[in-house]
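[1] How does the following fold in three dimensions:
(2 chains)
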Amino acid sequence: MPDARPCDEVRDLLPELAAGVASGDDRARALSHLADCAACRRELTQLTAVLDGLVLLAPEHEPSPGFESSVLAALGPADRHAGSRRPGRVLTAVAASVVAAALAGGVLWWVTADDRRAGDQYRRTLAEADGRYFVAAQVSGALGRDVGTVFAYEGDPSWLFVTIDGAPVSGEYRVQLVTADHRSIDIGWCDVSDGHGSWGRTVRVPVGDIRRIDLEPPTGATLQARFERG
Amino acid sequence: MAPLTDESLLAGMAVGDADSTAAFVRRYQARVYGMALTVVGIPALAEEVAQESFVKAWRHAAAYDARRGRVATWLLTITRNTAIDAIRYRRESPMDPDALTRVLLEERGRGGEPADSWETTDQVRAALRTLPPDQSRSVVLMTFYGLTARDIAEREGVPLGTVKSRVRRGLGALRERLGATDA
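    All right, here's what the predicted structure looks like:
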């Protein structure tokens, strides 16, 4: 049975949902209604078809000579995960090591009484990597259950590192960064297998401007990590 | 010999076939770069976006699901999203939406191409042409620049409800003129 949210209210959200620009909150609300409302699902399908048709109107332009060969070089003969994604893998390794260092020596700065020692460790870690600060936010799933952590590092470059542990759905999760001024930015995909996954990348948005990281699974509710504003 | 379908090339790309990958890039590079340039407006940045879009397509080729849309739509949507990310990161201003709308409405030679549930992109173009300018602006800003209704309201200096109404009515009119179905 459809939820109590009136169809009119959800249909107000459908254009943004079809265009892929709806905020995580709106998206989650709409999807919970769509799961049980065939009429609204039909409406969404039709709007998506219209928007797909509009996308096809973009004009063709020939890129510069050499574009094709540079694309093919980027795709390369190597396997798809080791080839073009090497920077990402390096980043993941670096991020993982910094996170591990923070967890091994510095996680104490979070939760124990030894604040002074932890503070020193934190400052040394940041100084080593020329960073300014390092924050973390829990990833919450349905019913507020914690299913992972997003680490955000403000430095040069700034980066995010996501760890997922206990997610209810496996597959590729679309990762969206939501800024303090409510902009949603697609920043990549996180593979989750048997409930576990990790992923990282550099970001150009200042960490202080990040309001939330959304992780949208292939099916089901979006996971969210909210960063507290200081 | 008939050319391989988009789906065949994508399947070849998914399993690492170099010839299929090259043919796919050659077939789509003008459209992908065209979409990137349409959104970001800067040739050098558009080439970066186009290249990144092909890399994403290559990485996700195996996950492409023909039931959810044509290859062209899938690839151009990837490109549009990549381009939107690029202008947000660089805090660039997108092209004026009225100028973009004029570009979209220009007659071009690809009119015979099927556009999902209707026959040609010419029909989509003709339907878009019938919209009042305030509706087409809002639809174009949301579709090509990834702006939410709230973003558009701030940008245009009009109430949020007005923008939502323009988008809803604009898309509704397009749907009616195109006879979109939930096939």
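[2] Residue B:69: how many residues sit nearby?
    Look at residue B:69: counted by other C-beta atoms under 10 Å in any protein chain shown, it has 17 neighbours. Every C-beta, even on glycine, is put in place using the N, C-alpha and C of the backbone.
[3] swap in the one 5 residues further on?
    When counting by other C-beta under 10 Å, one arrives at 22 neighbours for residue B:74.
[4] Over to the one 3 residues further on?
    The local packing of residue B:77 (other C-beta under 10 Å) involves 19 other residues.
[5] Check what pLDDT the nearest residue to it once chain neighbours are set aside gets.
    Distances taken as C-beta to C-beta, 6 or more residues apart in numbering or on different chains put residue A:55 closest to residue B:77, at 5.9 Å, once the chain neighbours are dropped. Note on residue A:55: pLDDT of 90.
[6] for the one 10 residues further on, same thing?
    As predicted, residue A:65 sits at a pLDDT of 87.
[7] I'd like to know the phi and psi angles of residue A:167, please.
    With angles defined as degrees, to the nearest 10, residue A:167 sits at phi -70, psi 140.
[8] in chain B, which ranges drop under the pLDDT threshold?
    B:1-2, B:90-95, B:107-119, B:180-183 (pLDDT under 70).
[9] where do the strands sit along it?
    Here chain B has no strands by DSSP state E.
[10] helices or strands next to the lengthiest helix in chain B in the packing?
    In chain B, assigned by DSSP state H, the helix with the most residues is helix B:18-40. Helix B:18-40 sits against helix A:67-75, helix B:6-14, helix B:43-60, helix B:71-89, helix B:133-145, with contacts defined as 3 or more C-beta pairs under 8 Å, 6 or more residues apart in numbering or on different chains; DSSP states H and E.
[11] circling back: burial measure for the residue nearest to residue B:77, as a count.
    By other C-beta under 10 Å, the residues close to residue A:55 number 22.
[12] Also residue B:154?
    Using other C-beta under 10 Å, residue B:154 is surrounded by 15 other residues.
[13] Roughly how far does it sit from residue B:141?
    11 Å (C-beta to C-beta, to the nearest Å).
[14] And residue B:8, by the same measure?
    Counting by C-beta to C-beta, the gap from residue B:8 to residue B:141 is 36 Å.
[15] still on that earlier bit, and the longest helix of chain B, how far from the chain's centre?
    Centroid separation between helix B:18-40 and its chain, computed with C-alpha atoms, centre = their mean, to the nearest Å, is 13 Å.
[16] how many degrees apart are that helix and helix A:67-75 in direction?
    Compare the direction of helix B:18-40 with that of helix A:67-75 by axes from the mean of the first three to the mean of the last three C-alpha atoms, to 10 degrees and you get 110 degrees.
[17] Spell out which residues make up each domain of chain B.
    With domains defined by automatic domain parsing, chain B comprises B:1-93, B:95-183.
[18] Might you report the residue contacts of residue B:164?
    Residues near residue B:164 by C-beta atoms under 8 Å, 6 or more residues apart in numbering or on different chains: A:12, A:15, B:149.
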